[in-house]
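# I'll drop the sequence and a predicted model, then ask my questions.
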Amino acid sequence: MFSKLRTLSLALVVTAFALAGCSGGTTSAPASQQPDYAVTCVGVLPAAKAASYDETVSPARQKQLENGLITLDALLVEHFSGRPDIRFVNRVQLSGLDSGNDALTRARVVADKVSCNAVLETTLKRFKERVGGEYTAKEPASVAFDFRLIAMPDGAVLCSGSYDEVQKSVMENLYNFKSATKRGFTWVTAEELMREGLDDRLNSCPYLTPDE
């Protein structure tokens, strides 16, 4: 009898493992470099594509990246919803600013426009939607991005971090069984994967968490 119960328990565990996925990849925790700096408000720039992406990218890949930028911008608004200390600059506003091509100069111009002493930059490196459904994905979702929070006007980096995830099945990555359980053992979309990564990374930066 004991042998039969043990066999049944093992079968249930294996079945749970095989059902679906959790994410696997790398994350980089933000590092605080200016512990005494008081951030009054943060100007948020529109998400940018990584410099390594150029015109050699296929049209289909380019479309995915464009969708990723739209998704990242929307998730930033969602993440900081209701925060009066967070001020967004959209793409139209940014294009109308005389900020040149230098990243620090652009950040200073944006900070001046929104009257903030810190600017948040996000850079999209990869955004690939899953191919298939929640339980039978042929290709998993894949997301990678960087962020950094810059103090104004000197340009010191207050926090920076990265997120690079390709969802894997539980059998491929047993260490993420907790994540798979949270997702109900399903394959998530690229948007869902990005939301998880963005919330995790930004919440790890003390300058971006709301005062209690």
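That came through, no problem.
# in the protein, where is pLDDT below threshold?
Within the chain, the segments meeting pLDDT under 70 span 1-35, 51-57, 99-100, 133-138, 168-185, 212.
# may I ask you to name the longest strand in it?
Longest among the strand segments of the chain by residue count, using DSSP state E, is strand 157-169.
# mind giving me the packing neighbours of that strand?
Applying 3 or more C-beta pairs under 8 Å, 6 or more residues apart in numbering; DSSP states H and E, we find strand 157-169 packed against strand 21-28, strand 118-128, strand 142-151, helix 190-203. Backbone N, C-alpha and C define where each C-beta goes, glycine included.
# got a markdown table for these, with mean neighbour count too?
Putting the helices and strands packed on strand 157-169 into a markdown table (neighbours: other C-beta atoms under 10 Å) gives the following:
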| stretch | mean neighbour count |
| --- | --- |
| strand 21-28 | 19 |
| strand 118-128 | 22 |
| strand 142-151 | 23 |
| helix 190-203 | 19 |
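# need those in JSON lines (columns: distance to Glu165).
Shown next, in JSON lines, are these (distance: least, C-beta to C-beta, whole Å):
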{"stretch": "strand 21-28", "distance to Glu165": "4"}
{"stretch": "strand 118-128", "distance to Glu165": "9"}
{"stretch": "strand 142-151", "distance to Glu165": "6"}
{"stretch": "helix 190-203", "distance to Glu165": "6"}
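# closest to Gln62 out of the ones you listed?
The closest of the helices and strands packed on strand 157-169 to Gln62 is strand 118-128. By C-beta to C-beta, the value is 11.0 Å.
# other SSEs contacting the closest one?
Judged by 3+ C-beta pairs under 8 Å, 6+ apart, strand 118-128 is in contact with strand 42-44, strand 48-49, helix 59-79, helix 103-114, strand 142-151, strand 157-169, helix 190-203.
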